[in-house]
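Visitor: here's a sequence, model it:
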Amino acid sequence: MQDHTITGSLKTDLIRVHYYPDILDLRYSGYELERFENLLLALDSASYRNALRVSSMLHRLDASPIWNYERADQVELLVLDTLYEYGVHKVPQLLKNVVGRVFEEGASSHLTADLVKVFYWACLAEVARDFAWREEKLAEWAEYLTFPMRAIFKL
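Guide: Modelled structure (predicted):
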């Protein structure tokens, strides 16, 4: 893994991986890629151990009383529905594209797919928090979606 510094690292390390039209569409939707810099850098530098912990959390057979994958999927749909009402329906798909491109071609496995899912939820939660002033439930849903990030990555 590479050592990243926060200033300038996004442009040099991650921009080359992304599809520029997605970045432009994200900008036209009101979000700069730098808004998600900490999350993208954390994803880029995620360790194998972290990936195993994420995968274990997502594919646990017994539901946790605090958090479970099926409920997180339901919360994701609720957030998507609410964001659609506020006119930012393109942003989630653009974020999914951007987060999915952090890993190079051929580096895909079930562990990377799980990492992408969790980091996508964290990016989606950032957008949801921006609209929490309009819909209070978005703040609660954002907290739920970011639980794996807080538990494993301490972000």
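Visitor: select the longest helix from this protein.
Guide: helix 110-130 (DSSP state H).
Visitor: quick check: Val54 touching Pro148?
Guide: Yes: Val54 is within contact range of Pro148, at 6.1 Å (criterion: C-beta atoms under 8 Å). In short, each C-beta sits where N, CA and C put it, glycine included.
Visitor: right, and Ala142 touches Ala125 too?
Guide: Yes: if you go by C-beta under 8 Å, Ala142 and Ala125 touch, sitting 3.8 Å apart.
Visitor: so what sits against both of these two?
Guide: Val79 (C-beta atoms under 8 Å, 6 or more residues apart in numbering).
Visitor: for this structure, what helix or strand is lowest in average pLDDT?
Guide: helix 6-9 (a mean of 40; mean pLDDT, DSSP states H and E).
Visitor: could I get whichever helix or strand comes after that one in PDB with only the CA atoms?
Guide: Helices and strands here follow DSSP states H and E; after helix 6-9, the next one along the chain is helix 20-28. Extracted C-alpha coordinates of helix 20-28, given in PDB (Å, rounded to 0.1, in the frame of the first residue of the first chain):
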ATOM      1  CA  TYR A  20     -13.500  11.800 -16.000                       C
ATOM      2  CA  PRO A  21     -17.100  12.200 -17.300                       C
ATOM      3  CA  ASP A  22     -18.300  10.700 -14.000                       C
ATOM      4  CA  ILE A  23     -16.300  13.300 -12.100                       C
ATOM      5  CA  LEU A  24     -17.700  16.100 -14.300                       C
ATOM      6  CA  ASP A  25     -21.300  14.800 -13.900                       C
ATOM      7  CA  LEU A  26     -20.700  14.700 -10.100                       C
ATOM      8  CA  ARG A  27     -19.500  18.300 -10.300                       C
ATOM      9  CA  TYR A  28     -22.600  19.300 -12.300                       C
END
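Visitor: what helix or strand is Pro92 on?
Guide: Going by DSSP H and E, Pro92 is in helix 90-100.
Visitor: list the buried ones in that helix?
Guide: Val91, Pro92, Leu94, Leu95, Lys96, Asn97, Val98, Val99, Gly100 (16 or more other C-beta atoms under 10 Å).
Visitor: Trp121 against Glu76, yeah?
Guide: Yes: using C-beta under 8 Å as the test, Trp121 is close enough to Glu76 to be in contact (6.5 Å).
Visitor: so how many other residues sit close to Val79?
Guide: Look at Val79: counted by other C-beta atoms under 10 Å, it has 24 neighbours.
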